[in-house]
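1. Quick one: sequence plus predicted model below, questions after.
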Amino acid sequence: MSEKSFIRHRLHEEDSANQLDDGSSLLANADWHAVRHAIVAYVLRKGQPRDVAEDVAQESLYKLVAYTRQGRPASLYGLALKIAGNSLIDRVRGETRFGAPVDETYACEAPLPDKVAEDRQQLERLNAALEGIPSLRRAVLMRRRVENQSHARIAAELGLSIAAVEKHIVRGLGDLRKAMADRVARGKGKS
């Protein structure tokens with residue numbers, strides 16, 4: 001017997017029983033396993049996974065018992081399926097209330113914590129290396145690389161020739177590279 005014909009058969013049996021029943025024995029005489037089975041089948045036909053169908057059946061049976069205690073429904077199965085349909089709608093509304101789920105491939109722009117720690121260590125090494133070079137060379141490097149001043153302006157403000165400024169920059173960068181490499185080598189030797 002197919003699911004649809006099973007439900008139609010149960011609805012017909014129920015209607016016949018309700019015509020003879022005075023309403024007091026509806027809860028006691030109901031085949032709750034069959035009602036639960038009908039709800040699960042209904043939810044599965046709606047394209048929901050098995051776990052959702054089980055949850056909806058549980059919720060629906062709870063509500064159905066509460067309704068039948070208040071009064072006798074015209075059709076127990078009809079009310080059960082109506083409650084299940086409303087539960088599915090409530091689930092969909094609840095899932096969409098907070099917006100779409102975040103895509104797992106969404107890339108965060110912030111660097112990873114290990115990269116932040118590595119960059120801080122490198123900045124500390126750079127500051128220590130800057131402190132280790134002569135003050136005039138450091139001043140020329142800072143003006144050129146950090147403040148982006150021209151060679152001519154640096155030469156004019158510090159009283160140097162443009163060739164001397166270029167030499168300070170080249171030597172200063174060489175000193176920094178060497179100091180950074182030495183500090184990295186020393187750091188690897190500690191571990």
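-> Looks like it arrived, so ask away. Computed from a prediction, not measured in an experiment: that's the story for all the values here. Numbers count the residues shown, from 1 in each chain.

2. If you rank every helix and strand of the protein by mean pLDDT, what lands last?
-> helix 3-20 (a mean of 55; mean pLDDT, DSSP states H and E).

3. for the protein, what spans make up the strands?
-> Using DSSP state E, the chain contains no strands.

4. any weak-confidence spans in it?
-> 1-29, 96-103, 187-191 (pLDDT under 70).

5. where along it do the helices fall?
-> If DSSP state H is used as the criterion, the helices of the chain fall at 3-20, 26-29, 32-45, 50-70, 76-96, 113-132, 135-141, 151-158, 162-190.

6. how about those, which one is nearest Glu104?
-> Smallest distance to Glu104 across the helices of the chain (Cβ to Cβ): 16.9 Å, for helix 76-96. To be clear about C-beta, it is placed using only N, CA and C from the backbone, and glycine gets the same treatment.

7. Any buried residues in the closest one, and which?
-> Buried residues in helix 76-96, counted by 16 or more other Cβ atoms under 10 Å: 76-77, 79-81, 83-85, 87-88, 91.

8. which non-adjacent residue is nearest Arg171?
-> Nearest non-adjacent residue to Arg171, counting by Cβ to Cβ, 6 or more residues apart in numbering: Arg137, 6.3 Å away.

9. Surely that neighbour and Asp175 touch.
-> Yes - with contacts counted by Cβ atoms under 8 Å, Arg137 reaches Asp175, the gap being 7.1 Å.

10. Export only the CA atoms of stretch 69-86, formatted as PDB.
-> The C-alpha coordinates for stretch 69-86 follow below in PDB (Å, rounded to 0.1, in the frame of the first residue of the first chain):
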ATOM      1  CA  ARG A  69      -7.500  17.500  24.900                       C
ATOM      2  CA  GLN A  70      -9.200  20.800  24.200                       C
ATOM      3  CA  GLY A  71     -11.800  19.400  21.900                       C
ATOM      4  CA  ARG A  72     -12.500  16.700  19.300                       C
ATOM      5  CA  PRO A  73     -11.000  17.500  15.900                       C
ATOM      6  CA  ALA A  74     -12.900  16.600  12.800                       C
ATOM      7  CA  SER A  75     -10.000  14.500  11.500                       C
ATOM      8  CA  LEU A  76      -7.000  13.500  13.600                       C
ATOM      9  CA  TYR A  77      -4.800  12.800  10.600                       C
ATOM     10  CA  GLY A  78      -5.900  16.000   8.900                       C
ATOM     11  CA  LEU A  79      -5.000  18.100  11.900                       C
ATOM     12  CA  ALA A  80      -1.700  16.300  12.300                       C
ATOM     13  CA  LEU A  81      -0.700  17.000   8.800                       C
ATOM     14  CA  LYS A  82      -1.800  20.700   9.100                       C
ATOM     15  CA  ILE A  83       0.300  21.000  12.200                       C
ATOM     16  CA  ALA A  84       3.300  19.400  10.500                       C
ATOM     17  CA  GLY A  85       2.900  21.800   7.500                       C
ATOM     18  CA  ASN A  86       2.900  24.800   9.900                       C
END
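
11. Can you measure across stretch 138-155, start residue to end residue?
-> End-to-end span of stretch 138-155 (Cα to Cα, to the nearest Å): 14 Å.
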